[in-house]
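In: Below: sequence and its predicted model.
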Amino acid sequence: MNLLSLSGNLLFVAFIAYLIATFFFGGAVKNSHDKTEAASRHADRWGKLAISITIIGFISHLSYFITRWVYTGHAPVSNMFEFTTAFGMFIVLAFIVMYFMYRATVIGLVALPIAILIIGYAAMFPTDASPLVPSLQSNWLTIHVITAALGQAVLSISALAGLVYLLKVVKLDKPSKDRFFLEAVMFFLVVVIGFVIASTTFSAMGYEAEFTYINKEEQQAQIKYDMPPIFGMNQYQQLTEGTMKPLIETPPLINAKKLTTVTWALLIGSVLYVLIRLIARRRVSAIFQPLVKRANLDLMDEIGYRSVLIGFPIFSLGALVFAMIWAQEAWGRFWGWDPKEVWALITWLFYAAFLHLRLSKGWEGKKSAWLAIVGFAIMIFNLVVINLIIAGLHSYA
Amino acid sequence: MDKKKKRLVMRTVILAVLVIGIAYTIYAAATQDKTKTLQVGDDAPDFVLTDLEGNKHKLSDYKGQGVFLNFWGTWCPPCEKEMPYMNSQYEVYKDQGIEMLAVNIAQSEFEVQTFVDRYGLGFPVVIDTTKSVRNAYSVRQLPATILVSPEGKVTEITTGELTEQRIGEMLESIKPN
Amino acid sequence: MEKETVICTCGHENPFGTKLCEKCGNPLTEEEKNTKVVDMRYDGKAIRSKTYNKSFVDKVWNFFSSVKVGITLIVILLLAASIGTFLPQEMYVNAGSPIADKGAYYESVYGFFGKIYYMLGLTDLYSSWWFQILVGMLGISIIVASIDRGIPLHKSLKNQRVKRHASFMKRQRVIASGEVADGETTLNDIEKQLKAQKFKVRRDGTALLAEKNRISRYGPYINHVGLIIFLVGVSLRVVPGFYVDESMMVKEGEMVEVPGMPGYYFKNEKFILETHDNNGQLSGEQEKQGVNVVAKNFQTNAKLYKQPEGAVSGDTSELELVKEAEIRVNHPLQYDGYSIYQMDYRLGDLSGMTFKLMNKATEESYGELTIDLTNPSKMYDLGNGSSVEILTYLPDYDGFKDGQPVTKSPNPNNPAFIFMMKTPETPEGETSFVEIKNTIEPLGENQNMMKFVAPQTSNASGLTINKNSTLPILSVGGIIFLLGVAIGSYWNHRRIWVQITDNQLLLATHTNKNWHGMKRELDKLSEHVALPAYEDQLALTDSEDEEEGDQ
């Protein structure tokens, strides 16, 4: 077994450990409903087990990170798979630290499933180790990306606390905006699962279909789909025999392959969502609501605020200051209004607004929780949309 | 009240400083391209270049004479067209305190020499091999003609083809008294 | 008539707008008297802007002093910045695109949306005047709001009294009250324990004030100072000579004056492109994203020369070599505050051509010659009485115009020649027009021909030149900002007031954030000193569903 496959296995172990730990956190939260001393002792034991398994998972995750680093010779944060996995790892780390600060088991019940989804999402991207292009050959890659990811992970904890807060507080029996948007968040999470299912299924089937098309520079190009093409590229010609013919042809500006992937994720996610609703006969938020019944709102609000306070300076340092130093060293301009940079600035401005609203306008509780979730959405947007769609326009970074 | 007045003055001063600072920054940023390029009225940057015969031509040596500077390339059709006009006007003005210099931008001696021979050019032709004189005169497009007064000031900057009459007028304008 | 002062029951005169008496803390406004917990944001001091609102200057000042305005500006800036990422900005649009006009480019690639986007000026959004004004307004807001809040806060924190009014203490968020056995001993115990918990303790008779990490309250003001220094640094870029950003394309072997660096000359010795030979490691996704995965190194071996002081443009006679460097991505050449960066390259430019002069019928060769396309010679002597003379050289041949062959650029992209070939057999010479893949014999059939043997190629390096004298200012601003954020975020200001009268204890606490930590301090205190249980007057209850805290 070489180092790379060892590293892959370690990541898998971490994934399984997080899965198991989630159930133990569930047990801990469930038992804490009972106020008797025996039950609380029981809950305590479940909680201790859960955090221990989480820590084991984290150590395994960290070992994945280190072994991959040793194998490739550079910090494994240089492509979508590597960065997203590292982001998941830092979320778990931030959760563990927060756990020992506040002993809030209920956060684990949200943090670990989110980490699992993030790792699952990451695994859908090519996991091959590749050498670094010259522009990334710098120690600043390690310093900048790791600090920025850590900052984002700590900021994410505030969204997790916010989610628990909202799940508990929002009344699900009467229609409201809160109820609608909370369910929308749940739907989005289900769509991520839909994406993972779609990718794994089609790659297990070994699906491949090649096309030629005319790109927006009016040049002929080739593209390989790994999912059945719902949308075809501009003036496509099918190369692979016996595969599905695209249903709709798109103009050159649209990357029909990415659109197809998104559509499949939405399609399968929606089916899954409807199935869950039919089987459980209630909203997805309502399924989780009983689990957070005993959550301490004050504590959730405190954790939500505290994690922004802790994460904001780290994010400023990693995503702005270190980024500027590197950009100055590599390109001679510390700021270039590249979409990725702009979205880091937007994230930073957003959390600055969050802190001012909280300090001066007294936005606490529900409002603060919603803001934290919007902040998380901005970071995910930067990770997914900017990296995969907009930044694809640049070839050098 | 004295205290109130002081506060009003403080506020006015702070706001005024900030507003002026920001306005200046935005204005300067918008006009930065202009300030970086050579303008009419500036001192003509001094330079020294070598002609095809190996003679050095230093701009400051021509102080007291009007200098007609023409930036050109063999590959540029309008440059090619105005060269004979320049040549005949040079014959008229060369004894009236006028110097004419054609500055070729970084082409090979062979190409420039062939060109000069073909048109029998009488005025000195120098080659700006390192493009430094082009940078100093912020020339972006060819042909570009720059007039330098006998006092060493830039009096005119023109890009594009010139007629023979125009060249005559230009030379007239920089003739020393 | 405007009120100038508010007189507290304790006799102290407070400026108009003060919420809590500066001296004893007694609530002064009806609003404050009726709330369960007092507003401690600026320790109840009058925020300056809230006090006078008369002249135009005051109105402008108050506008910028408002946090609401500040937040609105942040949000507008955030939304504006995001709009600029919809389509690539002009500076990222490929300069080599066949469509020169940017507006036409956006329309052709992005259709109607692209046209509108360009027309609205969104393709160069970040350097637009309105975007810069927004940033400027945010800067004013930061300064004015900080002055208005920071100065009163500082005064109030500096002049804190130990003894506070009971109604002030009762209106703090976490309080405790009750009877204790021996007032004096308890107070002494509390003092001792709080000192052990690293509080600074002051006593005034039966009253006690314990405080720590006051500096945390200054964090926001420190980071605002850092931000302002940073913004000033950014705007100083417009000062002539402070900022240079130029680019150049230099062929191998060529020496040019560096744009933006007068008096410096740059020679490109060699451009090197190294690739990874391990092709098995390529990641498909990167390939699809257009990343040049095989590239391992882009490098320009360069020499930087400097003219002596006082030398004029073009005088390359006394150049002094000042730096020799291997410029790679992430490793610029640095000299005298300037940096030269490896940015781009062009491979395989035609730089020379080798021909063979030979007899067409017998294919017998008279010798070979190599023409340096950037500096051709007039005459090439092949020995044995054979020679080739170049009559005309057209580096970028573009057909005939008015009977003359013309070139469309000075770059040897499509070289063509008119040769005069002489051999012992044809001493009067033969004329031949040679271009790539085509030969014309304008003056009749020739015996000999110039046969193309091999091309020579060279590379060119694209480099950018940068100098930014504002970097030290930006660094100072950045460091102060980070320090301020860290101080404001990682330290918590904590205060505990205790008063014991007739064995009746009244304890009140205040912290700017992290009440959880504050309570832990109290828990620790209670472990050592017997105290009545404390109460959090603002604890969010389980049934909380109302809009809270919004005014």
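Out: Great, that's in hand.
In: For the one helix or strand residue A:87 maps to, buried residues please.
Out: Here residue A:87, judged by DSSP states H and E, is contained in helix A:80-102. Along helix A:80-102, the positions that meet the burial threshold by neighbour count (16 or more other Cβ atoms under 10 Å in any protein chain shown) are A:80-96, A:98-99, A:102. For every residue, glycine as well, the C-beta is placed using N, CA and C.
In: Then stretch C:419-428?
Out: Judged by neighbour count using 16+ other Cβ under 10 Å, the buried positions of stretch C:419-428 are C:419, C:421-423.
In: same deal with stretch A:182-200?
Out: Quick answer for stretch A:182-200 (16+ other Cβ under 10 Å): A:182-183, A:185-187, A:189-199.
In: Grab the nearest non-local neighbour of residue B:123.
Out: Using Cβ to Cβ, 6 or more residues apart in numbering or on different chains and skipping the chain neighbours, the partner closest in space to residue B:123 is residue B:100 (4.1 Å).
In: what number of residues lie near the residue lying closest to residue A:378 once chain neighbours are set aside?
Out: Nearest residue to residue A:378 in three dimensions, chain neighbours excluded: residue A:347, at 5.3 Å (Cβ to Cβ, 6+ apart). Per other Cβ atoms under 10 Å in any protein chain shown, the neighbour tally for residue A:347 reads 24.
In: need the longest helix for the chain.
Out: Assuming you mean chain A. With DSSP state H applied, the helix covering the greatest number of residues in chain A is identified as helix A:37-72.
In: could you do chain C instead?
Out: Taking residue count as the measure and DSSP H as the definition, the longest helix of chain C comes out as helix C:129-158.
In: is any part of it close to chain A?
Out: No. Applying Cβ under 8 Å from any Cβ of the partner chain, one finds helix C:129-158 separated from chain A by no less than 9.1 Å.
In: does any bit of that helix sit next to chain B?
Out: Yes. With Cβ under 8 Å from any Cβ as the measure, helix C:129-158 is seen reaching chain B through C:129, C:132-133, C:136, C:139-140, C:143-144, C:147.
In: Verify the contact between residue A:227 and residue A:207 for me.
Out: Yes. Taking contact to mean Cβ atoms under 8 Å, the distance of 6.5 Å between residue A:227 and residue A:207 places them in contact.
In: Where do the strands of chain B begin and end?
Out: Counting by DSSP state E, chain B has these strands, from start to end: B:48-50, B:56-58, B:66-72, B:98-105, B:125-128, B:144-148, B:154-159.
In: okay if I get those as CSV plus mean pLDDT?
Out: Shown next, in CSV, are these (pLDDT from 0 to 100):
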stretch, mean pLDDT
strand B:48-50, 90
strand B:56-58, 89
strand B:66-72, 90
strand B:98-105, 90
strand B:125-128, 91
strand B:144-148, 90
strand B:154-159, 89
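In: is it possible to export these to TSV including mean neighbour count?
Out: Supplementary listing: the strands of chain B in TSV, determined by neighbours: other Cβ atoms under 10 Å in any protein chain shown:
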stretch	mean neighbour count
strand B:48-50	21
strand B:56-58	15
strand B:66-72	23
strand B:98-105	23
strand B:125-128	23
strand B:144-148	22
strand B:154-159	16
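In: any chance of these in a markdown table, with distance to residue C:311 too?
Out: As requested, those are arranged in a markdown table below (distance: least, Cβ to Cβ, whole Å):
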| stretch | distance to residue C:311 |
| --- | --- |
| strand B:48-50 | 8 |
| strand B:56-58 | 11 |
| strand B:66-72 | 19 |
| strand B:98-105 | 18 |
| strand B:125-128 | 15 |
| strand B:144-148 | 20 |
| strand B:154-159 | 21 |
